[in-house]
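Peer 1: My questions concern the predicted model and sequence given below.
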Amino acid sequence: MFAYYLRLAAISMRKTPGATALMVSTIALGIGIYMASLTVFYQMAANPVEHKNDVLHAVQIDSWDPAEPYTDRQPEQAPWELTYRDAMALMTSDIPVRHAAMYKTELVLQPGRRELKPFAEMGRITGRDFFALFDISFVYGAPWTEEADETGARQIVISRQLNGELFGGGDSIGETLVVHDRPFTVIGVVEDFQPTPKFYDVNNGAFDESERLFLPVGVGRELELFSSGNTNCWKDEKIETYEQFLNSECVWWQYWAELENPGQKADFQAFVDGYVTSQKALGRFGRPLNNRLTPVDGWLEARRVVRDDQKVLVAVATLFLGVCLFNTLGLMLAKFLGRAPQVGIRRALGASRKAVFRQQLIEVGVIGFAGGVIGLGLAWLSLRGIRRLFPGFEQLTHLDWTLAGVAVASAILTTLVAGLYPAWRVCRMPPAAYLRIQ
Amino acid sequence: MEFGPIWRAARRNKTGPVLIAVQIALTLAVVVNAVFIIQQRIEKITRDNGMDVDNILSVNSAVIGQDFKAELGVREDLRALRTIPGVIAVSASQHVPLSGSGWGTEFAASPESGAPRVNGVQYMMTTDAIQTLGVELVAGREFAEEDMVYAENFSDPQPSLIITQAYADELFPDGDALGQPLYDGLGRPSTIIGIVRRMHGAWVGWDKLSHVALLPRVMPSNSTHYLIRTEPGLVNQTLAQVEAALFGVNDQRVLQELRPMTETKDRSYQGDRGMAVLLGVVTLLMVSVTGVGIIGLASFAVRQRFKQIGTRRAVGARRRDILRYFLLENWMITTAGVVLGTLAALGINYWLMTAYDLERLDPLLLPVGILVIWALGLLAVAGPARRAAGISPAIATRTI
């Protein structure tokens, strides 16, 4: 029977090619635009470390100006970053399973190979736990030692991609890489790490490229490297030397801790609060106690990673889809009612209301399916357009299979919903009225 | 006018008219708000930034070497860049204006510790800063060589600076900024030696974008930007020669971000431009879909009333009457949609205002939107209505 109804649907659609094309293309447009905006939205709102969401915590300490909050827009918040002193103080705790303080800095690399010119590359100064903390596995080698973080040993870990560019992708452990005019030894190659959003440091855009090389905390101190991210200062203090900068109230470090269970979290919160309270005695921390341990999802929300514009676009796209569906509903109603005499004959010949209803819905489903498939193509095209409009958005505009499935399914579903009423209307019509005028 | 019969007919067969009215309401509500947002973004992108953006290019240079002397290095680089044909002026600068990266600062008009501080952004540049940026000096003078501070430490004092009019007005509401000292966080004075009519700073989304201070200063760093202003139209030609000029001075360096300032500006406004384009596309599609929907349903209505129209024509209605009937019917439906849509438009605007800090709707947009929707409705129904008017009275007799 299903095949028969499909054939009937095909015949009916061919009879009114204009109306059919109109319905299919309206659905396709609605679904295409809707899916494109949703794709970007979902990838913006994604949590790239879902599996560690509850254990990874961004740590904030309110070290800001006693006279005003860090940001007027979110006055309840503490600064997003830490001072060097505070980051180092937190690193002395042994409560977290793993933890790392970090910042990004631009480095000049001088590859040994003649054919490569020196180039600038964004690097991350961080602690040895960084890799285990974020589940970044080693292709070759291992992280540096805790001691290296202290002494600033000239050791470096690079990403698989950078290893390919610099050393042809082989085992490069023990190779020398000149950074800022000083020789460093490659001690590890890690898998490429490009979370979207870049949750661990969203200061300069949540969808920036991640760093491809990593150096021990001590190297930053040793080479006097500033942050290439954000550095914010509130206090009027004389900063002439790097040493004074390190001891200043400027915030520029990110700090992440892995806390396994609520007990550990409570312990660490107590540790941080205790530290701040003890420092208050020394005249620091003039603000009320506001130290925050935030899991990844809460962090992404607090940092407002999903842009307001994107939310507005999804709302507009949803309303557009609504208009498209109302439109299709109207056209279907017109078409089905126009077919009343034919339905009258079928009913008179013994077709039940249910059978008529089913037949109409199958035709509706076929229209929805066609609209969904074409809509998918339109979504793909729209995403390419969005990529051209927003060159930094490459990672946000990939149409994946799940979303493709959702697109087609929602096209069929919404069209069916829109088609329910017309189908119901047509199967309720008394057949006799339409037999008379034949 | 046949308001009565139309109304009664619509009540007997309400689904079609209701669908159209809802579509029109949604379309009006979305279009009015979308156009409002687009308008604001365009205003933001095209506002005057005070600089000769079209004829400036910039490059970042990071010199390799632990014993680099910024004063010497920068002087040599500037000399080399000046020799490129078509170059009007060059200046070193710690950051590029409009780039999204910059050095925020605070100044006060008084050395007292409680004095109000005003936020702004500072550019540490060299003597030809004014010429290079193409900004207009409205009071005071440009930098002279003896103003230059080649800092050995980050916070060496800064005796003089130039600020924008907007920044000056904020700091000195009485308008007597020129020659006055500004105080930094440590209470050290810098004298305002010049005032610039207008210049935009680093972050295009910041409300203090026009608060800019230009400092005659070079920082002790291996890394600096160079801004290069060329004769009109020569940016790309000059761009091609910058690398050679700088490598000619010293090839132990990394050059990056060599680009026209128009590109820097485009990147910073990318989000605003993209939003405007996307909203524009969806708006156009929405209007088209609604228009086509009206045509579709009107055509159906005409087909359904074939006999009725024929009968009316047979009993004396003129073509004009039929045409008017359909136009009027459509106008009534559209108007119902417009009323609903106006409420929805205000509702959406209210939501945008509370959730996303958008401003109140431009009061002119709504009436314009209503007129456009009315016109759209009449235009869409014109075809079907003409066809209806063309129905022959003989139809009425045929099927009896």
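Peer 2: Okay, I see it.
Peer 1: Pop the domain breakdown of the chain in here.
Peer 2: Unless you meant another one, I'm taking chain A. Split into domains by automatic domain parsing, chain A comes to A:2-45+A:307-436, A:51-302.
Peer 1: if you could check chain B rather than the one you did, that'd help
Peer 2: Taken from automatic domain parsing, chain B resolves into B:3-46+B:271-398, B:65-251.
Peer 1: so which of those domains comes closest to A:Val366?
Peer 2: The closest of these to A:Val366 is domain B:3-46+B:271-398. By Cβ to Cβ, the value is 18.9 Å. (C-beta placed from N, C-alpha, C; glycine too.)
Peer 1: is chain A contacted by that closest one?
Peer 2: Yes. Counting by Cβ under 8 Å from any Cβ of the partner chain, contacts between domain B:3-46+B:271-398 and chain A involve B:15-16, B:19-20, B:22-23, B:26-27, B:29-30, B:34, B:37, B:271, B:273-275, B:277-279, B:282, B:285-286, B:289-290, B:292-293, B:296-297, B:300, B:303-304, B:352, B:355-356.
Peer 1: Show only the entries of those residues found in helices.
Peer 2: If you go by DSSP state H, these have B:15-16, B:19-20, B:22-23, B:26-27, B:29-30, B:34, B:37, B:271, B:273-275, B:277-279, B:282, B:285-286, B:289-290, B:292-293, B:296-297, B:300, B:303-304, B:352, B:355-356 in helices.
Peer 1: What subset of those is buried?
Peer 2: Among those, the ones that count as buried by 16 or more other Cβ atoms under 10 Å in any protein chain shown are B:15-16, B:19-20, B:22-23, B:26-27, B:29-30, B:34, B:37, B:271, B:273-275, B:277-279, B:282, B:285-286, B:289-290, B:292-293, B:296-297, B:300, B:352.
Peer 1: Give me the pLDDT for the nearest residue to B:Thr342 once chain neighbours are set aside.
Peer 2: Once flanking residues are discounted, B:Thr342 sits nearest to B:Leu366: 6.3 Å by Cβ to Cβ, 6 or more residues apart in numbering or on different chains. Note for B:Leu366: predicted pLDDT of 92.
Peer 1: So B:Leu366 is in contact with B:Val32, correct?
Peer 2: Yes. Here B:Leu366 lies in contact with B:Val32, judged by Cβ atoms under 8 Å, at a distance of 5.8 Å.
Peer 1: In terms of neighbours, single out the busier of those two.
Peer 2: Each of B:Leu366 and B:Val32 has its neighbours counted (other Cβ atoms under 10 Å in any protein chain shown); B:Val32 has more, 27 against 20.
Peer 1: and for B:Leu366 and B:Val32, which residues touch both?
Peer 2: B:Ala345 (Cβ atoms under 8 Å, 6 or more residues apart in numbering or on different chains).
Peer 1: helix, strand or coil for A:Tyr103?
Peer 2: strand (DSSP: H, G, I helix; E, B strand; the rest coil).
Peer 1: Ok, the one 5 residues further on next?
Peer 2: Per three-state DSSP, the secondary structure class of A:Val108 is strand.
Peer 1: show me the contacts for it.
Peer 2: Taking Cβ under 8 Å, 6+ apart as the definition, contacts of A:Val108 comprise A:118-121, A:179-181, B:62, B:64, B:254.
Peer 1: Generate a ChimeraX selection restricted to the buried subset of those.
Peer 2: A single ChimeraX command is used to select the members of the contacts of A:Val108 judged buried by 16+ other Cβ under 10 Å:
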select /A:118,120,121,179,180,181 /B:62,64,254
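Peer 1: What are the boundaries of the helices in the stretch 101-250 of chain A?
Peer 2: With helices called from DSSP state H, counting those that start in this stretch, the stretch 101-250 of chain A shows them at A:130-133, A:146-151, A:160-167, A:217-222, A:242-246.
Peer 1: Next: the stretch 151-300 of chain B.
Peer 2: B:165-171, B:235-249, B:261-268, B:270-304.
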